[in-house]
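J.: build me a model from this:
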Amino acid sequence: MADSSNGILETKPERLARLMELVMEKRPARSEQDLAAVLRDLLDAPLREVVGAPRSEKEPGLLCSTGKGEPQMVREFLSQPAPAIAGIEAVKEFARQMREASDGPDLREAATVLYYAAIAVALAHGGTQITRLSDAKLREGFAWVLARPWADEASKQFVREASRWLKPENQS
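T.: The predicted structure is shown next:
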């Protein structure tokens, strides 16, 4: 039997790494509160950092004025009655980049909700398609968002409204 007086110091790094993997697999699932908090952070992101600053006063850029002042957060922008399509596309691209760059599932899942919410806003406010996804794939993604108990109600409502713009399942 091996002497265990030095214990962990003599353990091969590969074995330690495998032990850590086993411990991580046994961790409890992420909480809905954690996922909701990550999504809130994305929705509360400063809009100017997501879509960029206006180019000039005559050319306001990607934002749409509601008469109440310029929206400060992504959430406010998406909730406008008629957000600019270019701005919605910028939010969708931001969410896509967050999904692809993420190492963790929390950010990836929250960014996926924002991604589909942006697509849904464009559809719900004028029927504009800002993705190459088929109606069947959109329906699948929208259903995924609606099945997330931690997703915010506004994103779910955008998805419900946008679903009316999709072709019926037997036509997609």
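
J.: contacts and neighbour counts: CA atoms only from here.
T.: Will do.

J.: ok, residue 125 - contacts?
T.: 81-83 (C-alpha atoms under 8 Å, 6 or more residues apart in numbering).

J.: per-residue pLDDT, it?
T.: Here the pLDDT value assigned to residue 125 is 86.

J.: one step back: neighbour-wise, which of the contacts of residue 125 leads?
T.: Using other C-alpha atoms under 10 Å as the neighbour criterion, residue 83 leads these with 20 neighbours.

J.: quick check: that residue touching residue 76?
T.: No - judged on C-alpha atoms under 8 Å, residue 83 makes no contact with residue 76 at a distance of 9.7 Å.

J.: in the protein, where's the longest helix?
T.: Taking DSSP state H as the criterion, the chain has its longest helix at helix 105-124.

J.: elements contacting it?
T.: Here helix 105-124 touches helix 32-43, helix 85-101, helix 135-146, helix 153-163, going by 3 or more C-alpha pairs under 8 Å, 6 or more residues apart in numbering; DSSP states H and E.

J.: give the buried residues for the first one.
T.: Read that as helix 32-43. 35-40, 42-43 (16 or more other C-alpha atoms under 10 Å).
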